[in-house]
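S.K.: sequence first, then the predicted structure, then my questions.
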Number of protein chains: 2
Amino acid sequence: MRIFLDCIPCFVRQALDSARLATDDEQIHEQVVRETLRLAANIDIGQSPPAIGQQIHRLIRGLIGNNDPYCRTKEKFNNFALKLYPELEERVRTSEAPLETAVRLAIAGNIIDLGVKTSIEECEIEGTIRGCLTADFNNQQIKDFRNAVSRAGKILYLADNAGEIVFDRLLIEQLPAQRVAVVVKGEPVINDATMKDAKTAGLTDIVEVIDNGSDAPGTILESCSEAFRDRFEDADLIIAKGQGNYETLSDLDKNIFFLLKAKCPVIAGDLGCEVGEMILQQSNSFKKVGDPIMEAE
Amino acid sequence: MRIFLDCIPCFVRQALDSARLATDDEQIHEQVVRETLRLAANIDIGQSPPAIGQQIHRLIRGLIGNNDPYCRTKEKFNNFALKLYPELEERVRTSEAPLETAVRLAIAGNIIDLGVKTSIEECEIEGTIRGCLTADFNNQQIKDFRNAVSRAGKILYLADNAGEIVFDRLLIEQLPAQRVAVVVKGEPVINDATMKDAKTAGLTDIVEVIDNGSDAPGTILESCSEAFRDRFEDADLIIAKGQGNYETLSDLDKNIFFLLKAKCPVIAGDLGCEVGEMILQQSNSFKKVGDPIMEAE
């Protein structure tokens, strides 16, 4: 999905957010905003939003001299999600449809996205969890997802944000551990999860976790390590969390299920849904042609 | 009030809104956004937001070759407000406190501000009217306002937006017609009211209406005509509607009552109120020193 012009003001806001998280120095805030404006004035709008985000956040980290301005924010959301985890885990365990409940909760966790909003209150996360547990859901999509998981030999779970990754753990625990690898970002960008967050979430104890070698807030294959690209190529099924992964992978000819909350009008427009909707959607190239994995067997 | 860095992404969004209102040509939309980013990258942040807005909207109008991109939108909101007018006028007439009811409705009308939001639904305006009629209000401010009106020989009412100006009429009808002049913008900018809107609202039939000679979305005295500056200097009381007038006049040593809805976090922060609050506030230099008009007499 290529960038929309509506994304540009959002990038400028993100830049200011990052600068303020990193320092109280208002001269640096101003410098970050001015340099982001200059960069944005000359971008190639044929790129995806995370490709632009990658350039802008590299620029910002350079200007503020801090490689991980969202570090404390990520810790805060990890800790908050870990406090909720025992109750949510019990809810999945005692559910009549554990996989569906885990999918709903994993999508709820996608509200913890500081690319879209400057800040998120804990009560908003709790409200989103309640909303996602009761919202209408397309039963066919859940069935297709269940079938895809049961048939896939190699599953890659592309995580999105810190905090959210604890919600992902609920869903990952429902997947066949031997056939799943979780993927985090290679370097910090916005509040995206890295290996540190996967460890904090306890994921490294239960499943293989790898990083993609990239600092893009999404999955730009050309920006990823060769090792990751091989794993991606080799996977039968990709579970892709969040807007950034949707923006970078939605046009790919690969069996991908996108799990996200549509949090901005641009994404909602592309998905044909309302802002705030819970999305579990198979990639276009696969959803209308039956079961490609079976056909390949 | 000087610009905050938070205003910058908002200007970029405004630029895109204006371009889309004027044309469906996506190349022009892109050009407008890029040129706005370049201009914003080099602005003097010691200026007020409307001073920057004035430069940006001049640039936009030049690029899109349309002097009044909000023309049809302004007509739409004038017509909508005129449909509501008879019912609101009766509400003021039958109120136990007509001046207060008219003040509340004039502030409600300030929701029609396309500088702050891309679009406004009619139901949002109706909801705002209901909210403003029942919201808590500082009685002392209403008393001070009533006293200021009764004592002032020459009152200037600085209108803000089209559509809103019909709501202003409700309040203007409560003021002594011989002592009031309404001020509109000299040239179109965003959806700010011009002489055409004052005529549509029926104001020119009941009171003197002048324009300020300027195309700033606020009142920047240096940008106004000499004729207006003389009237401003000569006035005993200024009633200033909306965020743009607050942003440009709040630091002035003049007896001004600001009437607005605080619609963005920057303004709310400066006013020390919550976003969405209804504001009737006397200028700082006057509100703590008794009644300056009386002292001058």
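M.R.: Alright, I've got the coordinates. Residues are numbered from 1 along each chain as shown, chains lettered A, B, ... in the order given.
S.K.: show me what contacts the residue lying closest to residue A:183 once chain neighbours are set aside?
M.R.: Excluding the flanking residues, the one nearest residue A:183 by C-beta to C-beta, 6 or more residues apart in numbering or on different chains is residue A:158, at 4.9 Å. Just so you know, the C-beta spots here come from the backbone N, C-alpha and C atoms, and that holds for glycine as well. Counting by C-beta atoms under 8 Å, 6 or more residues apart in numbering or on different chains, residue A:158 touches A:183, A:212, A:219, A:238-241, A:245.
S.K.: nearest to residue B:203, of these?
M.R.: Lowest distance from residue B:203 to these (C-beta to C-beta) belongs to residue A:245, with 54.5 Å.
S.K.: what's the burial count for the closest one?
M.R.: The tally of other residues near residue A:245 (other C-beta atoms under 10 Å in any protein chain shown) stands at 24.
S.K.: sec struct for it, please.
M.R.: Assigned with DSSP: H, G, I helix; E, B strand; the rest coil, residue A:245 falls in the helix class.
S.K.: how about the contacts made by the closest residue to residue A:71 other than its chain neighbours?
M.R.: Setting aside the residues directly before and after it, residue A:71 is nearest to residue A:188 in space (C-beta to C-beta, 6+ apart), at 7.2 Å. Taking C-beta under 8 Å, 6+ apart, we find residue A:188 in contact with A:67-68, A:70-71, A:194, A:215.
S.K.: and those residues, which two are the farthest apart?
M.R.: Largest pairwise distance in those, by C-beta to C-beta, is 14.3 Å, between A:71 and A:215.
S.K.: residues near residue A:149, how many?
M.R.: 20.
S.K.: hmm, I typed the wrong one, I wanted residue A:112.
M.R.: Every residue meeting other C-beta under 10 Å relative to residue A:112 is counted, giving 30.
S.K.: for it, give its distance to residue B:128.
M.R.: Look at residue A:112 and residue B:128: by C-beta to C-beta, to the nearest Å, they are 32 Å apart.
S.K.: please apply the same query to residue A:180.
M.R.: Shown here: residue A:180 relative to residue B:128, a distance of 50 Å by C-beta to C-beta.
S.K.: for the nearest residue to residue A:51 once chain neighbours are set aside, give me its contacts.
M.R.: Counting by C-beta to C-beta, 6+ apart, residue A:51 lies nearest to residue A:220, which is 5.8 Å off, once chain neighbours are set aside. The contact partners of residue A:220, taken as C-beta under 8 Å, 6+ apart, are A:48, A:50-51, A:54, A:214, A:248.
S.K.: just to revisit the earlier point, looking at the contacts of residue A:158, which one is closest to chain B?
M.R.: residue A:245 (24.2 Å; C-beta to the nearest C-beta).
S.K.: these two touch, right, the closest one and residue A:258?
M.R.: Yes. Taking C-beta atoms under 8 Å as the definition, residue A:245 is a contact partner of residue A:258 at 6.9 Å.
S.K.: low-confidence ranges in the stretch 151-297 of chain A?
M.R.: Residue ranges of the stretch 151-297 of chain A with pLDDT under 70: A:285-297.
S.K.: all strands of the stretch 51-200 of chain A, in order?
M.R.: All strands of the stretch 51-200 of chain A, identified by DSSP state E, counting those that start in this stretch, fall at A:155-158, A:180-184.
S.K.: residues contacting residue A:236?
M.R.: By C-beta under 8 Å, 6+ apart, residue A:236 lies in contact with A:151-155, A:255, A:293.
S.K.: flag every residue of the stretch 1-150 of chain A that's near chain B.
M.R.: Counting by C-beta under 8 Å from any C-beta of the partner chain, the stretch 1-150 of chain A comes close to chain B at A:5-6, A:8-10, A:12-13, A:16, A:29-30, A:33-35, A:37-38, A:40-42, A:45.
S.K.: which of the residues you listed are buried?
M.R.: For the residues of the stretch 1-150 of chain A next to chain B, a burial check counting by 16 or more other C-beta atoms under 10 Å in any protein chain shown picks out A:5-6, A:8-10, A:12-13, A:16, A:29, A:33-35, A:37, A:40-41, A:45.
S.K.: how many residues are close by the nearest residue to residue A:114 once chain neighbours are set aside?
M.R.: Once flanking residues are discounted, residue A:114 sits nearest to residue A:191: 4.4 Å by C-beta to C-beta, 6+ apart. By the criterion of other C-beta under 10 Å, residue A:191 has 26 neighbours.
S.K.: thought residue A:191 was touching residue A:70?
M.R.: Yes. Between residue A:191 and residue A:70 a contact is recorded at 4.5 Å, counting by C-beta under 8 Å.
S.K.: which neighbours do those two share?
M.R.: Counting by C-beta under 8 Å, 6+ apart, the common neighbours of residue A:191 and residue A:70 are A:114, A:162.
S.K.: where does the stretch 151-297 of chain A get nearest to chain B, residue-wise?
M.R.: Nearest to chain B in the stretch 151-297 of chain A, going by C-beta to the nearest C-beta, is residue A:265, at a distance of 9.3 Å.
S.K.: got a list of what that residue touches?
M.R.: Residue A:265 touches A:6, A:275, counting by C-beta under 8 Å, 6+ apart.
S.K.: hmm, residue A:186 is touching residue A:211, no?
M.R.: Yes. Residue A:186 lies in contact with residue A:211 (C-beta under 8 Å); the separation is 4.5 Å.
S.K.: what is in contact with these two at once?
M.R.: Shared between the contact lists of residue A:186 and residue A:211 (criterion: C-beta under 8 Å, 6+ apart) are residues A:194, A:225.
S.K.: how about stretch A:272-287: buried residues?
M.R.: For stretch A:272-287, by 16+ other C-beta under 10 Å, it's A:277-283, A:286.
S.K.: could those residues go into CSV alongside distance to chain B?
M.R.: Converted to CSV, those look like this (distance: C-beta to the nearest C-beta, whole Å):
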residue, distance to chain B
A:277, 19
A:278, 24
A:279, 23
A:280, 29
A:281, 27
A:282, 30
A:283, 27
A:286, 30
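S.K.: format those residues as JSON lines; extra columns: distance to residue A:123 and secondary structure.
M.R.: JSON lines is the format used below for the buried residues of stretch A:272-287 (distance: C-beta to C-beta, whole Å; DSSP: H, G, I helix; E, B strand; the rest coil):
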{"residue": "A:277", "distance to residue A:123": "20", "secondary structure": "coil"}
{"residue": "A:278", "distance to residue A:123": "19", "secondary structure": "strand"}
{"residue": "A:279", "distance to residue A:123": "23", "secondary structure": "strand"}
{"residue": "A:280", "distance to residue A:123": "25", "secondary structure": "strand"}
{"residue": "A:281", "distance to residue A:123": "28", "secondary structure": "strand"}
{"residue": "A:282", "distance to residue A:123": "33", "secondary structure": "strand"}
{"residue": "A:283", "distance to residue A:123": "34", "secondary structure": "coil"}
{"residue": "A:286", "distance to residue A:123": "38", "secondary structure": "helix"}
